[in-house]
Every structure is written in structure tokens, then in C-alpha cells.
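Asks: sequence? don't have it. structure:
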Ligand SMILES: [Zn+2]
């Protein structure tokens, strides 16, 4: 645990960052003219030939058609301010999500222009990808994103490009339970890193070997309890990564509600956007 100590706003014990991924309608698709089929598939159907996977496409659409309304209802019921990590194209296509986000308490963080393999882009194309995503999200939601999440893999240039494009924080990091100043290759200025978590991600209920919702809930609550206890002595944050097509299914959404109901009994939890965490950290801790 890092020695850097400072209070969260309102002297909160823990900053809880609920992360709602919106990537549906922007994934790889032969129907969109892509050369590959979306490799992330609930049934693990990995096609090495360019065959259209209608089943997976429609399984993604479920997130927009049905999942988002369930997730949004719980965020509203428990008054959670979340960070939506959104692929820009998804917001261009999913009016129901975009109109919910416009003017809301939630933050929209860029998850790329599309949910594609950013690490295959050269630096010029990657810069364009970053800029196009920010331009599009500003247009659809009315606010320019200040944070970035790649589709897991990114390049040695990504962080410097984000800094040059005016981004405040980067979340492609899993190395800590608190924000920190991270080195930027090719720059003499650091950048705020707001680390993410894979272990509590609802993806664990989608891909084999998958957790049951009850396992996922237990794991999330145990993570919360540990970080909440440690938060008495040092700044701690927890990330809970969700996907509309995953947690938004009727058999899984209840686990999210049980988690929120558990947290609601605990005093001094800051339902923080990642932007809020990054801004607070940057104001408290010298680079
Ligand atoms: Zn994602």
C-alpha cells in the first residue's frame, strides 16, 4: 500500500467507482465490413474465418435493448454516480443510453471510437482514433471525455497521445487500489492513473470458467469489506466493472442490487466518478 495519504471528499472511507461499459453495437462484425468476427463471445465461439456471427451480434444488442434500463434503474434507486466507459459509436447508435446520460450525474469516459483492437493502429491512426472518440462523445453527450479505457491492450504511445490530446486520466492499469501519478513514455510530465479491476468485473460471469452471480456478489462484497477497512488508514478505491449485456440479464441484475443494498448500509462511502477521483487526487498530491 502506498504511503501517500490525503482525505477523500467528506472524509469518506472508500471511493466506490461503478464502471458501466457500453461497447455494444461497436464491436467487430462482418456485417459492418470488418475482416474478423467479434472474438469475445459468451459461448466462446471463436471463428477464424470471416463468417458472420448473427447470434453473437444479437447477444450484444441485448445490452442496449434490455440491459441498460435495468442497470440505470438501480443506479437511480441507489443514487450512484457512475462512470460510463463508452465506445463512441455505441452512443451514436443507442439513443436510449445517450439520452439517459445527457445532463445526468454520471461521467462518460472514452472506451475508444469503436470497441476494436487499438493496439494494431500506428501512432497517427491511434491519435485519430482518440480524437474521433472524444469529438463524437462530446457531440452525443454534450461533454468531452477526460478519461480513457482501451480494449485491454494498448500501445507504448497511448498514454502520451492521451496527454497530448488533453486527457486528465488513464485507466488501463491494474496495479493499485488508489490513484497515482504514472510515468508517460516520451513525456516529462506524469499523468493521473485511476486503476481498474478485472477480478470484480461482471465479465467473470460471461466467459468460462464463469462465476455464478452469487460467487460474483460474494467476491465483490469481500473486496468492498477489505478496502473499506483499509480505508480507515489510507485512501482506497474500489472499481466494479459492469457490462449492459452481462449484468443486465434478469438472472444477474439481482446480484448488482444486493451489492448496492449492502454498500448502502455502510456510512462514508463516496460513490465517485473516476473524473472526480482523478481531479481530487491531482489537487491533493504533488506530481
Ligand atoms: Zn470494455
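Replies: Yep, that arrived. Fair warning: this is a prediction, and the values are worked out from it, not measured in the lab.
Asks: and residue 95, how many residues sit next to it?
Replies: Other residues lying near residue 95 total 11 when counted by other CB atoms under 10 Å. (Each C-beta comes from the backbone N, C-alpha and C, glycine too.)
Asks: go on, residue 221?
Replies: Residue 221, neighbours per other CB under 10 Å, totals 15.
Asks: and the gap between it and residue 200?
Replies: 10 Å (CB to CB, to the nearest Å).
Asks: Which parts of the chain are strands?
Replies: For the chain, the strands defined by DSSP state E occupy 14-22, 83-86, 107-110, 147-148, 169-170, 180-182, 191-193, 237-243, 269-271.
Asks: okay if I get those strands as CSV plus mean neighbour count?
Replies: Shown next, in CSV, are the strands of the chain (neighbours: other CB atoms under 10 Å):
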stretch, mean neighbour count
strand 14-22, 27
strand 83-86, 29
strand 107-110, 27
strand 147-148, 26
strand 169-170, 23
strand 180-182, 17
strand 191-193, 23
strand 237-243, 24
strand 269-271, 21
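Asks: Export these to a markdown table and append columns for distance to residue 68 and mean pLDDT.
Replies: Formatted as a markdown table, those follow (distance: least, CB to CB, whole Å; pLDDT from 0 to 100):
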| stretch | distance to residue 68 | mean pLDDT |
| --- | --- | --- |
| strand 14-22 | 8 | 98 |
| strand 83-86 | 10 | 98 |
| strand 107-110 | 14 | 98 |
| strand 147-148 | 20 | 98 |
| strand 169-170 | 25 | 98 |
| strand 180-182 | 32 | 98 |
| strand 191-193 | 28 | 98 |
| strand 237-243 | 10 | 98 |
| strand 269-271 | 19 | 98 |
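Asks: Turn the ones you listed into JSON lines, columns for distance to residue 155.
Replies: Formatted as JSON lines, those follow (distance: least, CB to CB, whole Å):
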{"stretch": "strand 14-22", "distance to residue 155": "21"}
{"stretch": "strand 83-86", "distance to residue 155": "18"}
{"stretch": "strand 107-110", "distance to residue 155": "16"}
{"stretch": "strand 147-148", "distance to residue 155": "12"}
{"stretch": "strand 169-170", "distance to residue 155": "12"}
{"stretch": "strand 180-182", "distance to residue 155": "15"}
{"stretch": "strand 191-193", "distance to residue 155": "15"}
{"stretch": "strand 237-243", "distance to residue 155": "22"}
{"stretch": "strand 269-271", "distance to residue 155": "33"}
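Asks: Of all those, which one is nearest residue 42?
Replies: Closest of these to residue 42 is strand 237-243, at 10.7 Å (criterion: CB to CB).
Asks: which other residues reach the closest one?
Replies: In this structure, residues lying in contact with strand 237-243 by CB atoms under 8 Å, 6 or more residues apart in numbering are 14-21, 23, 63, 67, 71, 177-179, 194-198, 200-203, 206, 220, 223-224, 227, 256, 259, 272, 277.
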